[in-house]
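Task: produce atomic coordinates for the following.
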Amino acid sequence: MLLAGCASRPPERDGPPPNPPPGVERTPDAVPRVEPIRPGGPNKPYEVLGQRYTPLAADLPLREVGGASWYGTKFHGRPTSSGEPYDMLAMTAAHKTMPIPSYARVRNPANGREVVVRVNDRGPFVPGRVIDLSYAAAARLGLLRGVGTVEVRRLTHAEIRSGFWLDASAPGLPPAPEGVATAAAHP
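This next block holds a predicted model:
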């Protein structure tokens, strides 16, 4: 009888915090710093739902356009792929192939808002989605109502050292450097 009760418990649902802190949409950007890309660990090839992924093993640029979703209370406090606890109120994100850790500029072209996030987790594993944002990052981008299209650009170590990431004055993402593949996905 007790076992049957546990089996009928509804699955844990994700969502916003029960009492979102005031001003979450003003959470400051992550501050990029050069962090070594370790081989192995969260940067080794892996498989999810029958799909194989090979994370970038070097400090390479990456630019994508596609769907962005967010994750909240269901994962808050649980370990990310980097081993750090997920904090839905920090400026973090999950990406399938960026080296962990990485920093990325994410732009919502529908409203022009941009954020800088620290990539410390893997995902999203839904077709057409290129990044899973923390609750705070989604709030800043105006994406709490659902999946939205974003432009994502990984910040290289050279861009971090030069302060490139501080220049949000340029409209949209700068073009990917010559010879860099640009991936596109649609939600």
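
you'd agree residue 54 is up against residue 45?
Yes: contact between residue 54 and residue 45 holds when scored by CB atoms under 8 Å: they sit 4.6 Å apart. C-betas here are computed from N, CA, C, even on glycine.

do you know how far residue 65 is from residue 53?
19 Å (CB to CB, to the nearest Å).

Ok, residue 111 next?
When CB to CB is the yardstick, residue 111 and residue 53 sit 30 Å from each other.

cool, and residue 39?
In this structure, residue 39 lies at 16 Å from residue 53, with CB to CB as the measure.

These two: which is more packed in?
In terms of neighbours (other CB atoms under 10 Å), residue 53 is the more surrounded of residue 39 and residue 53; the figures are 13 against 10.

who's in contact with that one?
Going by CB atoms under 8 Å, 6 or more residues apart in numbering, residue 53 touches 45, 46, 47, 96, 97, 122.

go with 10 Å
If a contact means CB atoms under 10 Å, 6 or more residues apart in numbering, then residue 53 has 44, 45, 46, 47, 96, 97, 122, 125 as its contacts.

so the residue most central in space within the chain bridges to which residues?
Nearest to the mean C-alpha position of the chain, counting by CA atoms, centre = their mean, stands residue 93 at 2.4 Å. Residue 93 has these beta-bridge partners by DSSP bridges: residue 119, residue 133.

From residue 102, how far out is it?
Computed with CB to CB, the distance linking residue 93 and residue 102 is 9 Å.

where do the contact lists of the two overlap?
With CB under 10 Å, 6+ apart applied, the overlap between the contact sets of residue 93 and residue 102 consists of 117, 118, 119, 120.

per-residue pLDDT, the first one?
According to the predicted model, the pLDDT of residue 117 comes to 98.

you'd agree it is up against residue 102?
Yes: shown here, residue 117 and residue 102 form a contact pair, counting by CB atoms under 10 Å, at 9.1 Å.

Same drill for these two, tell me which one is more crowded.
For residue 117 versus residue 102, the count of surrounding residues by other CB under 10 Å is larger for residue 117: 28 against 25.

just checking, that one is part of a strand?
Yes: secondary structure of residue 117, determined by DSSP: H, G, I helix; E, B strand; the rest coil: located in a strand.

Ramachandran coordinates for residue 41?
Dihedral pair for residue 41: phi 50, psi -130, per degrees, to the nearest 10.

which residue packs closest to it, ignoring adjacent ones?
residue 100 (7.7 Å; CB to CB, 6 or more residues apart in numbering).

Number of residues surrounding the one you found?
Neighbourhood size, residue 100 [other CB under 10 Å]: 25.

repeat for residue 139
Neighbours of residue 139 using other CB under 10 Å come to 22.

Next, it: secondary structure please.
Applying three-state DSSP to residue 139 yields a three-state assignment of helix.

Now it: closest residue in space, sequence neighbours ignored.
Leaving aside its sequence neighbours, residue 139 is closest to residue 25 (4.3 Å, by CB to CB, 6+ apart).
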